[in-house]
Structures are given as C-alpha cells and as structure tokens.
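Asker: Predicted model, plus sequence, below.
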Amino acid sequence: MNLTINAEMLKVGKRWMPYILFVLLVAGVAVVVWLFGYVAYKEDQNFQEGQKALRTFAYPWTITALLDNGQFWGTIIFVAIFTSSTMATEYSWGTVRQAIVRGQSRAAYLATKLLGTTIICAAALLGALGVGLLFSAWASAAAGQPITLDVADGPSVPELGLSAWPSLGDQPR
Amino acid sequence: MHNSEVPVLKTSRLSKRFGKRLALAEVDLEIRPGRVYGFLGPNGAGKTTAISLILGLLSPTGGHVELFGLDTRNHLSECLRRTGAVLEGVSFYPHLSGRDNLRVCAAISGGGCESRIGEVLELVGLTARARDKERGYSLGMRQRLAVAAALLHDPELLVLDEPTNGLDPAGMRDFRELVRRLAGAGKTVFISSHLLNEVEQMCDDVGIIKEGHVIAEGPVAEMVHQADVMEMTVTNADAALEVLSQIDWVGLVTRDGSDRLSVEAPRARAAELSRALAENQVYLSELRPRETTLEDFFLEVTSPEDKR
C-alpha cells in the first residue's frame, strides 16, 4: 500500500492542478486575513466593526476565523475538484487498467488512491492554514497588535494549561 | 525451469455474452511454455474480449481460464503478477515522463522491479527519451513504453493485444526481434493481431477466431505449407497451354494474364516442365513456386462460405 501511495504522490506531484488549487486556497486565506481583516481594521472608524475586523487577523482569533471562513469554503472546493479529477482521470486515461492487469483489485486500488488523495488534501489544507497563520503574524505586527495566543483580558495559555492540570487529577478512575 | 506438461495459458469453454450478442463461444486454447502464439481474427471477432477475459478485466459468461495451471477464478492476483500485458489503446499518465510512468507501474506491481527500469527502457530503445513527458511520445513510442511496462516485473507470460499498431517498419522489425528474443529466453508470448505477415514471422502457433469461434489452430509451419502450384511467364501462352495439356502429370492450368499461367504440378518436376516447353519453342521468362502464406490461409478460413 505504501508503494501505491508513493506512486500516487508522484502522479499528483507532477500535475499543475494541485498547485493551482493550493494557490487559490492561499489566495482565499489572504483575502480573509488582509482584506476582511487588516484593511477593514485600518479603514473602519466604527469601533465595533474595527474590533470585528481585528478578530479576523489577530491572534488567537484568527485561527478560528481562518477555519470558519476561507478555509472552510476553500476546503470543499479543493477536495471536490481534486478528488473528482484524480479519480476521473484514472478512467478517462484508462490507466486504472494498468493496475488491474497487474493483479490489483479495482476496489483496493481505488481505496488506496482515495487514501493518497486524502493525505494530499490534508497536507494542502494544513499548508494553507500555516500560510494563513504567517499572514496573521505579519498583519498583527503591522497593526501593532501582540503576536500571542493569549486572549486579551483573559487567562494566558500557560494559565489555561495550569488551570486544566489539577482537574486532570480529579478525573474518576 | 518450466514444467512443459502444464500449459502456461489454457481456456476451457470460455464464453462471453454481451446482452444478446455472443462475443466468445466456448473457446478452448492451450499455450505451452516458451511458445509464441498468434491470435488472429478479423475486427470484431472476439480477440480483445478473449484477452480481457484472460486478464480478468471481464468476467466470463461461461468456462474458465487457467494461467500457469492455476484457475484464475481463485488465483487471479497471483497469476497476473506472473503476467505482463500490453492492452489495445495503451494508457499512461501523459504528464509523467516515460521513466516516471514505469516507476508508477513498478509501484503498482508491488515494488522490487524499479531496478529494472533502465534495463527495459534500453530493451525497447527508449533510453534517450525516458525523461520526456509521455504526451510528447509518438504512437510507436507509446507502444514501446507499454512493452517496457509489461516486461518490468520479468513476467513468464506476455499478453500483447495488437502490439505493433502504430509502429513504423523499423519499429515492427525491432519488435519482432524482441519477441523472438523473449521467446528464446523462455518467455511465453500471446499476441493478438490482424497483421498476418507479422504473425507469420513471429509466431510458432496460431489460433484463428471468427465471430467468437476458434475456427483453426495449429503450428504456423503447418498452415504455411508449400502448395504444388507454379507460376510462370511465357513467350507464347497459347502454345504453352497446348503443350501443358499433353503432359499427364500436369493438373489444372489457369491463365492469369496475357502471358502468365498458374500450373498445378509437382515442384520437383519444374525442370522437366521447363524442358518440355522449350522443346516446343515456348520459353520461360519466369518460373516460381506459389507459396501459401498465412494470409492465404487466413482469408480462406475466414471468408464467407459463398466466396471461397
């Protein structure tokens, strides 16, 4: 199975489509962070709207903002296009027959292919999320906001960890 | 070493029906190790259907296939791992190079044969173009890449469906030599084709299929026998006909043109024939035995009854 997944990586890695989709995904992330976040924050005179925009690009809210907005819709489009393309081309090119005449069952081959596609999709999404977080750090710094995972006026991340620690000891055995 | 008693490929009453159309009717084939078997038939005769059934791409309506003595209904994967196939309308990933396509094939085959990629590329003469994308290959190069892919895992049996399609004359000659070399190395080769001349030169045995039925099978040498017919060009055809009619061991004489005759007579008596004509002032400018080719045999057995 590892070999078949490696073969899948080789096939996908040399196509343009996943790279174009990844760029589109990153573009979506950029729109969320920079346009709906940073630019709106800078231009909006209304305090409430400004705070809303701030929560789109500044840590730690940007993580949920990215996952809720651009990432969510980007994910669906990316997975749908990518999966249907990789599956359909096996049939339209007739290459699935190469696998079947080599003793692979059609179901096993397609299942392995689906697994490979899932891994690639997950890697692309994590990559896009990573780029989004870098954009957020950049935008936060440009807006003079702290780059921290601590929530303003709330407990810090270490405090959250420490507050969770004793409760672990209280778990019933 | 092969066990020569066990056929590499055997089909028993193999049948396939598509709706009301019977594509293959109780076909029995048996191919011994190390033989090159040509599977001939007109377009739509059932060649590709038979190959698809042998390779498990289709399920038979009746009968079964045995490869290496194993019933493919129970041992298909195991059998296919010992088989290499080139299918009609060869398919590869167009965005990958020839070498990368072979790497994919090696992975699908279960690994262990990636080290043979260079060797098979060399064997089919694609080393120089191995890094080019498949979409830039000519039809002949694709065929050669398909052969390389089929040979990658060093199979005992090669199943080739119309392998010389798209090859130029030099490519065909190279392919013939490759097949003979493989057979010499102990591989068994099953070739479907409608190129009779190719099959005649490449194959040891031939099976002819028509409308789903195998109508003739046997060694090529038996089908391509020398007929006792001579063709001659003479200076005076009318006089020649007169002379030949008086020789008792001469059979049917047919006039093919103004000065060409076909004469049924023993090949061993060609000199006597020539002398008899010369003694009557009829001189030969050409005399040669007519050879029955596989094409003659094929056309004879596949043409409709009323045309024979």
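Answerer: Sure, I can see it. Numbering: from 1, shown residues only, chains lettered A, B, ... in the order given.
Asker: Assign a three-state SS to A:Ala99, would you?
Answerer: In terms of secondary structure, A:Ala99 is helix; the call rests on DSSP: H, G, I helix; E, B strand; the rest coil.
Asker: just A:Arg15 next, same as before
Answerer: Assigned by three-state DSSP, the conformation of A:Arg15 is coil.
Asker: Now the phi/psi pair for it, please.
Answerer: When read as degrees, to the nearest 10, the backbone of A:Arg15 gives phi -100, psi 150.
Asker: What about it, how many residues nearby?
Answerer: Counted with other Cβ atoms under 10 Å in any protein chain shown, residues neighbouring A:Arg15 total 16. Every C-beta, even on glycine, is put in place using the N, C-alpha and C of the backbone.
Asker: If you drop the residues flanking it in sequence, what lies closest to it?
Answerer: Nearest residue to A:Arg15 in three dimensions, chain neighbours excluded: B:His95, at 5.5 Å (Cβ to Cβ, 6 or more residues apart in numbering or on different chains).
Asker: So the one you found, which state does it fall into?
Answerer: Applying three-state DSSP: B:His95 is coil.
Asker: where does the stretch 151-300 of chain B come near chain A, residue by residue?
Answerer: Taking Cβ under 8 Å from any Cβ of the partner chain as the measure of proximity, the stretch 151-300 of chain B contacts chain A at B:His153.
Asker: Could you rerun that using 10 Å?
Answerer: Residues of the stretch 151-300 of chain B found near chain A, taking Cβ under 10 Å from any Cβ of the partner chain as the criterion, are B:152-153, B:155, B:159.
Asker: Could you verify my assumption that the residue nearest to A:Arg15 touches A:Trp16?
Answerer: Yes. With the criterion set as Cβ atoms under 10 Å, B:His95 and A:Trp16 qualify as a contacting pair; they are 7.9 Å apart.
Asker: ok, back up a step: out of the residues of the stretch 151-300 of chain B next to chain A, list just those in strands.
Answerer: Using DSSP state E, B:Val159 are the members of those that sit in strands.
Asker: Need the per-residue pLDDT for A:Ile63.
Answerer: At A:Ile63 the predicted local distance difference test score is 85.
Asker: For B:Val120, see how far away the residue nearest to A:Arg15 is.
Answerer: 21 Å (Cβ to Cβ, to the nearest Å).
Asker: So for the two, which residue has more residues nearby?
Answerer: A direct count of neighbours by other Cβ under 10 Å for B:His95 and B:Val120 places B:Val120 higher, at 24 against 18.
Asker: Going toward the C-terminus from the strand or helix carrying A:Gln48, what's the next helix or strand?
Answerer: According to DSSP states H and E, A:Gln48 maps onto helix A:47-57. Once the chain leaves helix A:47-57, the next helix or strand it forms, by DSSP H and E, is helix A:61-68.
Asker: got the CA positions of that following helix in CSV?
Answerer: Extracted C-alpha coordinates of helix A:61-68, given in CSV (Å, rounded to 0.1, in the frame of the first residue of the first chain):
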residue,chain,number,x,y,z
TRP,A,61,-9.0,34.7,17.0
THR,A,62,-7.5,34.4,13.5
ILE,A,63,-7.2,30.6,13.9
THR,A,64,-11.0,30.2,14.3
ALA,A,65,-11.6,32.9,11.7
LEU,A,66,-9.4,31.0,9.1
LEU,A,67,-11.0,27.7,9.9
ASP,A,68,-14.5,29.1,9.8
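Asker: For it, name the packing helices and strands.
Answerer: When contacts are defined as 3 or more Cβ pairs under 10 Å, 6 or more residues apart in numbering or on different chains; DSSP states H and E, helix A:61-68 packs onto helix A:17-30, helix A:47-57, helix A:70-92, helix A:106-142.
Asker: Buried residues in the shortest one, which are they?
Answerer: Of the residues in helix A:47-57, A:52-54, A:56-57 count as buried by neighbour count, 16 or more other Cβ atoms under 10 Å in any protein chain shown.
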